[in-house]
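# Everything below, folded, please.
(chains A and B)
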Amino acid sequence: MGGARTALFNWLFARRYEGQFLLRVEDTDKARGTEESTRAIFEGMRWLGLDWDEEVVHQGDNVARHRADAERMLANGHAYRCFCTAAELDERRKAAEAGGGAFKYDRRCDRLDPTEVQQRLAVGAPSVVRFRVPEGTTGWTDLVHGEISFPNKDIEDFVVLRTDATPIYNLAVVSDDIAMRITVVMRGDDHISNTPKQVMLYRALGAELPQFAHLPMILGADGKKLSKRHGATAVADWQHEGILPQAMVNFLALLGWSPGGDFAEVMTLDELIAKFNADGLLKKASIFDVKKLEWMNGQHLARMPIERLEPLVTAILLQEGLATVPELAALDDRYRRALEILRTRVRSVTDLAMQVPTYLRVSYDESAVTKAWSTVADAIHVVDLAHETVSAASWDPQAIEHSLRAVAEAQGLAVGRVLGPIRMALTGSVSSPSISEVMQILGRDESLSRLGQAKSFLAGRRA
RNA sequence: GGCGGUAUCGUCUAGGGGACUAGGACGCGGCCCUCUCAAGGCUGUAACACGGGUUCGAAUCCCGUUACCGCUACCA
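Numbering: from 1, shown residues only, chains lettered A, B, ... in the order given. The predicted structure is shown next:
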């Protein structure tokens, strides 16, 4: 989710200011990224509607340039060869920490005589390339945080090229950003401490600095960084929960960004693009509030064009085996009418789909039966009454409902005592849209048939 | 440990020295509407982390403390 939010902000920023949004897979560390996870990222972005300009760049394809950049720094004095092995460094680190101090590389290889370096290289001694951190302080103006600076003395000479000549993240990123002519870098604020190193690399490589914007993290309900433990953490998980992409985008956009002042929280993508600005970027980490996401989803569910909602519901219905194509076709325009009256009653597309089968067939849930038809004799009486009314009258659900109410009043019964049992007969449930709406969608024949079915069921109960 | 970042209702936030008895949204409670369930309307609950300054005046500026997070790798 954090990655999705970061991508969204980059995308919104690019779209708002008519820039370009570029996607790069940072796979420097072969052990990390798998093909599957990058595919999940692409799919998640597509689902959210975040399209990118230009072809995806794979960092791994640019290793030659990363090396060349390291060589350049070696040549212009911004970097040097270091022959200390990882094991040696480890030992020194441990020793320093045991003494209560912090370890910092002592630059001993920087003091090596040039001929000594040549000799070692000649005999094939393994080495890494280290960046020579200059004196002074390094800072930048962050779009989110304003001025940030670090004393260089707190930064050790860091490795930029490994023993196997593969680049370290910080070098690869800077090298690629320069090559791709990146002007704005928006990323998680866990990168703030990396930034001074990158700033130094830009300078050593003779490149202009991009603008940096460090976005706050997204946390789980417990205030800890979002992880698998928090349940649905991947974009696809929410898709399967029945969350709409536009709701997700809307929700995510408001996590760490605010248009400021009084504003309506439910916004379309276009509205978000129009309002998005760097000023509204917030500094504080925020907690992923599932309840609010669900509310937001309900809002979008109720507002989106019905013709876009329908196919989403159909897909779930078919996939879950809750309905068949002929069944839905038989419903005809009553399908959309059903969706129309149901959409304000649910908060997810899946919940909406679950409601549809009621208009295809009835089934009685035992607990609903005991609740709605608690007294069998009364239930029979009411259902029978309804059956008579429906069959006698001309088909006008509204009028029928009115006459049922009239009957209830005449007999001194609360309206609910009459419509409740009928609702059960019609929908097999204790809750539904209004009786006349339900009858409208079911139609006269189906309504009659369900009333009849309820009569015989209740007769069986009495016996 | 060092360095860096953050700190307003439970949550997301408005606020950028007086307009703040701190506003909105989600959630939660109540009321209205109502055949049920929702939706909708009205309403209640609830916060400036703490301590010092600066100032006539501080949620807003400065300093410190605390808490949380990040970096401190031949991870990204």
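# contacts and neighbour counts: CA atoms only from here.
OK.
# now do the same end-to-end measure for stretch A:41-54.
17 Å (Cα to Cα, to the nearest Å).
# quick one: contacts of stretch A:139-148?
Outside stretch A:139-148, the residues within contact range by Cα atoms under 8 Å, 6 or more residues apart in numbering are A:149-150, A:196, A:199, A:211-215, A:278-279, A:281-283.
# For A:His230, list the residues it contacts.
A:His230 neighbours (Cα under 8 Å, 6+ apart): A:Gly220, A:Ala221.
# before we move on, back to that, can you list the contacts of stretch A:139-148 in JSON lines and add distance to RNA strand B and secondary structure?
Compiled in JSON lines, these are given as follows (distance: Cα to the nearest atom of the strand, whole Å; DSSP: H, G, I helix; E, B strand; the rest coil):
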{"residue": "A:Ser149", "distance to RNA strand B": "6", "secondary structure": "strand"}
{"residue": "A:Phe150", "distance to RNA strand B": "5", "secondary structure": "strand"}
{"residue": "A:Pro196", "distance to RNA strand B": "9", "secondary structure": "helix"}
{"residue": "A:Val199", "distance to RNA strand B": "13", "secondary structure": "helix"}
{"residue": "A:Gln211", "distance to RNA strand B": "16", "secondary structure": "strand"}
{"residue": "A:Phe212", "distance to RNA strand B": "13", "secondary structure": "strand"}
{"residue": "A:Ala213", "distance to RNA strand B": "11", "secondary structure": "strand"}
{"residue": "A:His214", "distance to RNA strand B": "8", "secondary structure": "strand"}
{"residue": "A:Leu215", "distance to RNA strand B": "9", "secondary structure": "strand"}
{"residue": "A:Ala278", "distance to RNA strand B": "11", "secondary structure": "helix"}
{"residue": "A:Asp279", "distance to RNA strand B": "7", "secondary structure": "helix"}
{"residue": "A:Leu281", "distance to RNA strand B": "7", "secondary structure": "strand"}
{"residue": "A:Leu282", "distance to RNA strand B": "6", "secondary structure": "coil"}
{"residue": "A:Lys283", "distance to RNA strand B": "5", "secondary structure": "coil"}
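# which among those residues end up buried?
For these, a neighbour count by 16 or more other Cα atoms under 10 Å gives the buried set as A:Phe150, A:Pro196, A:Val199, A:Phe212, A:Ala213, A:His214, A:Leu215, A:Leu281, A:Leu282.
# Among those residues, which one sits closest to A:Leu272?
Within the buried ones among the contacts of stretch A:139-148, the smallest distance to A:Leu272 is 13.2 Å, found for A:Leu281 (Cα to Cα).
# Show me what the closest one is bridged to.
A:Trp257 (DSSP bridges).
# can I assume it is in contact with A:Leu254?
No: the pair A:Leu281 and A:Leu254 does not pass the contact test of Cα atoms under 8 Å, sitting 9.6 Å apart.
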